[in-house]
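> Generate a structure from the sequence data that follows.
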Amino acid sequence: MSRSTALAAVVALSGGLALAGCSSGSEPGSPELKVSGAFMPQPVNSEMASGFLTVQNSGGTADRLTSVTSDLSDDITIHESKNQTMQEVKAFDVPADGELDLERGGNHIMFMRLKQKPEQGEKVTVELRFEKSGPIKVELPVEAPTHNPKH
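So this is what the prediction gives:
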């Protein structure tokens, strides 16, 4: 598939998706997840990119983010940053009545071997998968390479 065909498919697909995703549990006390603040800084090369967002859980039960998928890459991992080093982890906790913050300088989503380099103004669709809740589709708007909403 050519880059322009792939990009057109991503744009067409993302047009029908909401900017933030929600997943509510079917049982009382189950996790109730909502995603906000999602973005991807425009990558400086076509090898790797990172994604950031917040998963809020208003339910009375904790959950865990276990994986992320996207058409942008077949190699997506979640990374923890500690003591100025990052390492892949199997899952992140989403506490009951709390939130999981994936943010610059901290825990994040890592996209390796990109199929195309996203440009500022585009959107990248990802699917977040959880241990208990159903998957949530989220659009990551591609922002300037230095974008950091917390500063």
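
> For the rest of this, base every contact and every neighbour count on C-alpha atoms.
OK.

> all helices for the protein, in order.
3-15 (DSSP state H).

> pLDDT below threshold where in it?
The model of the chain has pLDDT under 70 over residues 1-28, 151.

> if you set the cut-off to 50 instead, what comes out?
When residues are selected by pLDDT under 50, those of the chain lie in 1-26.

> now the strands for it?
Counting by DSSP state E, the chain forms strands over residues 22-24, 32-41, 48-57, 63-70, 75-82, 85-89, 92-94, 98-102, 108-112, 123-130, 136-143, given from the N-terminal end onward.

> Now distance to residue 150 too, for those strands, in JSON lines please.
What follows is the strands of the chain, written out as JSON lines (distance: least, CA to CA, whole Å):
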{"stretch": "strand 22-24", "distance to residue 150": "23"}
{"stretch": "strand 32-41", "distance to residue 150": "10"}
{"stretch": "strand 48-57", "distance to residue 150": "11"}
{"stretch": "strand 63-70", "distance to residue 150": "22"}
{"stretch": "strand 75-82", "distance to residue 150": "17"}
{"stretch": "strand 85-89", "distance to residue 150": "20"}
{"stretch": "strand 92-94", "distance to residue 150": "20"}
{"stretch": "strand 98-102", "distance to residue 150": "11"}
{"stretch": "strand 108-112", "distance to residue 150": "14"}
{"stretch": "strand 123-130", "distance to residue 150": "20"}
{"stretch": "strand 136-143", "distance to residue 150": "14"}
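
> right, so of these, which gets closest to residue 149?
Nearest of the strands of the chain to residue 149, taken as CA to CA: strand 32-41 at 8.5 Å.

> if we can go back for a sec, distance to residue 149 and mean neighbour count added to the strands of the chain, as CSV?
Below are the strands of the chain laid out as CSV (distance: least, CA to CA, whole Å; neighbours: other CA atoms under 10 Å):
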stretch, distance to residue 149, mean neighbour count
strand 22-24, 22, 17
strand 32-41, 9, 22
strand 48-57, 10, 21
strand 63-70, 22, 19
strand 75-82, 18, 18
strand 85-89, 21, 13
strand 92-94, 21, 19
strand 98-102, 12, 19
strand 108-112, 15, 20
strand 123-130, 17, 20
strand 136-143, 10, 22
